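>>> Take this sequence and fold it.
(chains A and B)
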Number of protein chains: 2
Amino acid sequence: MKSIGNTFALLVITFAGLTSTRAQDPLPSWNDTAPKKAIVAFVEKVTKEGSSDFVPPAERIATFDNDGTLWCEQPVVELVFTKDRLKELAAKDPTLKEKQPFKAALEGDREYFEKAGMKAVLELVVATHGNMSQSQFETEALEFFKTAKQPKFGVPFAQTAYLPMVELLQYLRANGFQTWICSGGWMDVMRMVSQEAYGIPPQQVIGSSLKEEWVEKDGKYVVWLLPELLTICDHAGKPVNIDLHIGKRPVLAAGNVRTGGDIEMLRYCQSRKGPTFQLMVNHDDAVREFAYGEKNNESLDAAKKNGWTVVSIKNDWKRVFAFER
Amino acid sequence: MKSIGNTFALLVITFAGLTSTRAQDPLPSWNDTAPKKAIVAFVEKVTKEGSSDFVPPAERIATFDNDGTLWCEQPVVELVFTKDRLKELAAKDPTLKEKQPFKAALEGDREYFEKAGMKAVLELVVATHGNMSQSQFETEALEFFKTAKQPKFGVPFAQTAYLPMVELLQYLRANGFQTWICSGGWMDVMRMVSQEAYGIPPQQVIGSSLKEEWVEKDGKYVVWLLPELLTICDHAGKPVNIDLHIGKRPVLAAGNVRTGGDIEMLRYCQSRKGPTFQLMVNHDDAVREFAYGEKNNESLDAAKKNGWTVVSIKNDWKRVFAFER
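Just a heads-up that it's a prediction; the model follows:
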């Protein structure tokens, strides 16, 4: 597999590591409000040998949702990627422009998808992500990250990683945690950028994916992406995929408010025997990022009910992005 | 997840680390024959910075089959486990003793399974591995490793790990490799013992498994094992599952002669751009272990054709097990 050459986030981290502030404060982009205090207290508690809350390094698993938790999800990167892929396909085969659900997707016809439902969405995903070799797909995803830009900020998507969360990942790793992504986003897309954006290697990225097979194509064996869904790694799919890929309950899990898709992962984390920590990011900063919530408020309700830590971007993050001056 | 308390293999490693021989020779249980020389030459080559064969640490993935490659497969541990589970079930529900395919399995009726085929085998697996919570299954597997013994050697199965292979795993890790298991064996069984036997954490174990779901049972949410197969991680299933769990082609892959089930993984490894290494273990030592081959000889044929390194247990291993005097 290939990976993008963008080392922006890592440069930021390296630079931060040289300042004296960083040496004293592992989370310099966080305000000294309750969430930061709770995180630091938790990490100190579980890493203190001899304490009753001590968690052995082998058990220190932390899982993070990606869209809206580690980077911007307005728009959702996976949807931008899918539309880009579709445009490419339509350029090669113009009949797609007149065929549903492709026509609706190309024209941004939300109403069509609301009526046609999941079946139409899947048809779209399969057409744009399947029927090619894994290597070919990786090339497409890599190219996307090199060229596509986040519309509001005008930077490549990898640079919309939240600096406070990049610091949190680093802080956890420095304390013996293994950091994982567990996201509804497309696994093979995220894997192209996870190392550069977050310092997370591809093998620690769990996401949605298609079924694959090992077949001979033009005299060479390749891993081939079938036009059939393997998993949607959202809601109840998260605990299931964490068990498949890790086989241990996370000690710390982080998600965000938008669809309620992270509730099950945080609940799974909390069901672990011993100390655990759950973080729910709330998007309430229309100036520096975006402000959006949930119609039914279920993520914040679940956080309140279960004692999860809610992060207000507006109040708890000193700086949101590395590209901010 | 829990893990067995058996630290036998790790003790052996620790002790070996204290001897002066070990300091000079990373593979003391290997004879100084061609395979050992080839392994050491390969590792030195790919870890030498500035060399054209240099492989960056992030790409140093090594995948090992388990049964017959890392530990004894006479009998296959998974089959012993399945039969043990079935006996437990039959003790609770005696009608199973009169019902196929359970009757045949309990009576060791091979002929029945040869006729009934894969469908009957799957029915057996599903009945013994499914319809329970993941935690419950882990408890069963853990108990198995505590009590069951390998019939020829009279030791717990974890102690039938091949010492030369444990040394090889260690040697690779000391050289920046990440070591993985990719086996047709049952993932959730191997994960209970992989750390103790091989120093491989559960999240680096890929294997066969059932589908799961996140459901409420008696007022608590649990990961539940469904009576339906997710994957058989053998033959063409190996490249596919490596891509799912790792997302990178291995630089080194090891399998063994018996069913031809590792050929695809070794071929996948070899298809990686850049230097690669393939190892095929041949069981030809009836005195110290077992001697068995393949009817159609396909693993050795593939090794010869593709230039893979064949290990003769008889000739290339100085010592097979840690429990040998």
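>>> where along the stretch 201-325 of chain A do the helices fall?
Counting by DSSP state H, counting those that start in this stretch, the stretch 201-325 of chain A has helices at residues A:237-245, A:263-270, A:298-306, A:313-316.
>>> Redo those helices as JSON lines? Include mean pLDDT and mean neighbour count.
(Glycine included, C-beta is placed from N, CA and C.) Shown next, in JSON lines, are the helices of the stretch 201-325 of chain A (pLDDT from 0 to 100; neighbours: other C-beta atoms under 10 Å in any protein chain shown):
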{"stretch": "helix A:237-245", "mean pLDDT": "98", "mean neighbour count": "25"}
{"stretch": "helix A:263-270", "mean pLDDT": "98", "mean neighbour count": "24"}
{"stretch": "helix A:298-306", "mean pLDDT": "98", "mean neighbour count": "16"}
{"stretch": "helix A:313-316", "mean pLDDT": "98", "mean neighbour count": "18"}
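>>> Could you list the domains of chain A?
In terms of domains, chain A is parsed into A:8-74+A:158-316, A:77-147 (source: automatic domain parsing).
>>> Buried deepest among those, which one?
Most buried of the domains of chain A, by mean neighbour count (mean count of other C-beta atoms under 10 Å in any protein chain shown): domain A:8-74+A:158-316, with a mean of 19.
>>> which stretch among the domains of chain A comes nearest chain B?
Nearest to chain B among the domains of chain A is domain A:8-74+A:158-316; the distance by C-beta to the nearest C-beta comes to 3.9 Å.
>>> I'd like to know which residues of chain A are adjacent to chain B.
Counting by C-beta under 8 Å from any C-beta of the partner chain, the residues of chain A close to chain B are A:1, A:58, A:61, A:134, A:178, A:187-188, A:191, A:195, A:201-203, A:205, A:209, A:212-215, A:220-223, A:230, A:236-240, A:243-249, A:264, A:267-268, A:271.
>>> Return the subset of the residues you listed lying in strands.
The strands in this structure, assigned by DSSP state E, contain A:61, A:178, A:205, A:209, A:212-215, A:220-223, A:230 from the residues of chain A next to chain B.
>>> what's the closest of those to residue A:162?
Minimum distance to residue A:162 across these is 17.0 Å, recorded for residue A:205 (C-beta to C-beta).
>>> Next, the contact list for that closest one, please.
Applying C-beta atoms under 8 Å, 6 or more residues apart in numbering or on different chains to residue A:205 gives the contacts A:180, A:181, A:183, A:187, A:190, A:191, A:194, B:247.
>>> Redo these as TSV? Include distance to residue A:284 and pLDDT.
Formatted as TSV, the entries for the contacts of residue A:205 read as follows, by distance: C-beta to C-beta, whole Å; pLDDT from 0 to 100:
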residue	distance to residue A:284	pLDDT
A:180	26	99
A:181	23	98
A:183	21	97
A:187	29	98
A:190	25	98
A:191	30	98
A:194	26	98
B:247	35	98
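>>> can you redo the helices of the stretch 201-325 of chain A as JSON lines with distance to residue B:49?
Below are these laid out as JSON lines (distance: least, C-beta to C-beta, whole Å):
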{"stretch": "helix A:237-245", "distance to residue B:49": "32"}
{"stretch": "helix A:263-270", "distance to residue B:49": "40"}
{"stretch": "helix A:298-306", "distance to residue B:49": "47"}
{"stretch": "helix A:313-316", "distance to residue B:49": "42"}
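>>> So for residue B:75, which of those sits nearest?
Between the helices of the stretch 201-325 of chain A, helix A:237-245 lies closest to residue B:75; by C-beta to C-beta that is 27.2 Å.
>>> got the contact list for the closest one?
Residues from elsewhere that reach helix A:237-245 (C-beta under 8 Å, 6+ apart): A:63, A:180, A:182, A:184, A:206, A:208, A:231, A:233, A:249-250, A:261-262, A:264-265, A:267-268, B:134, B:203, B:209, B:212-214, B:221, B:223, B:230, B:245.
>>> And stretch A:123-143, by the same measure?
Contacting residues not belonging to stretch A:123-143 are listed as A:1-4, A:81-82, A:85-86, A:88-89, A:101-102, A:105, A:186, A:188-189, A:192, A:210, A:212, A:217, A:222-229, B:243 [C-beta under 8 Å, 6+ apart].
>>> Thanks a lot, see you next time.
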